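**Q** Sequence first, predicted model second:
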Amino acid sequence: MNQVNEKDQEVMIDELNQANDAGLNTDENAAGTIGLTEELVEDPLSETLKKELDEQKDKYLRLFAEFDNFKRRTAVEKNELRATGGREIMTALLDVMDDFERTEKVLADSTDLDAVKQGVNLVFTKLRNTLEQKGLKVMTSVHTDFNADLHEAITEIPAPTEELKGKVIDELQKGYTLGGKIIRYAKVVVGK
């Protein structure tokens, strides 16, 4: 059986060599035997694929243009947000500013120190409440353990009691968080 296969293979190789020697392309020769040429072949599948390819290219170009427009629009919105981002807080603080101006006028004419103190305290309370409504929170530091993630140690002094060692003894400047993130570290004195 191996001899038959080898004979058949030799015959086929000889026929291919003869066709190549005659200058015929085997693909053209095969098409010619069927009676079709490449120019006459109209493949409906290839036309469908070309249409689908054109549709996909069009979708891709539209998507790319849409994404480019999105990037531009986002950049413009981001710039506007930066320019007017503090507008809400500034608007809220205008009422406090008006109160300070009224207090300033009263200070110029008033001789009653208790009334002036009370007025300043009212304005300060209004300022604190306005800032708290916008998410500002004061950190509590005094008599808490020193934490380098929350506190900035200005100096260390001997602790007055054993239990205050490693704890915050005094606060020189309050720390603040906004929306859960630290915006200013508390400057503290630590007991050693």
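**A** Nice, I can see it.
**Q** Tell me the helix or strand right after the helix or strand of the chain with the lowest mean pLDDT.
**A** Comparing every helix and strand of the chain by mean pLDDT, DSSP states H and E singles out helix 26-34 as the least confident one, with a mean of 46. The element immediately downstream of helix 26-34 (helix or strand, assigned by DSSP states H and E) is helix 44-84.
**Q** how many degrees apart are the helix or strand just after that next one and helix 44-84 in direction?
**A** Next helix or strand after helix 44-84 toward the C-terminus (DSSP H and E): helix 87-109. Here helix 87-109 runs at 0 degrees with respect to helix 44-84, directions being taken by axes from the mean of the first three to the mean of the last three Cα atoms, to 10 degrees.
**Q** which strands and helices sit next to helix 87-109?
**A** Helices and strands in packing contact with helix 87-109 are listed as helix 113-133; criterion 3 or more Cβ pairs under 8 Å, 6 or more residues apart in numbering; DSSP states H and E. Quick note: C-beta positions are derived from backbone N, CA and C, even for glycine.
**Q** If you count neighbours, what's buried in the helix it packs on?
**A** Under the neighbour-count criterion of 16 or more other Cβ atoms under 10 Å, helix 113-133 has 119, 123, 127, 130-131 buried.
**Q** which SSE is V189 in?
**A** Here V189 is assigned to strand 186-191, by DSSP H and E.
**Q** And for the nearest residue to D149 once chain neighbours are set aside, the neighbour number?
**A** When the adjacent residues along the chain are set aside, D149 lies closest to I182, with 8.0 Å between them (Cβ to Cβ, 6 or more residues apart in numbering). Using other Cβ atoms under 10 Å, the number of residues around I182 comes to 13.
**Q** how close does the nearest residue to G179 once chain neighbours are set aside sit to I182?
**A** Leaving out its chain neighbours, the residue that sits closest to G179 by Cβ to Cβ, 6+ apart is G135, at 4.9 Å. Between G135 and I182 the distance, using Cβ to Cβ, to the nearest Å, works out to 13 Å.
**Q** what's the domain layout of the protein?
**A** Structural domains of the chain, as assigned by automatic domain parsing, span the residue ranges 67-134, 138-192.
**Q** Can you flag the weakest of those domains by average pLDDT?
**A** Mean pLDDT is lowest for domain 67-134 out of the domains of the chain, coming in at a mean of 88.
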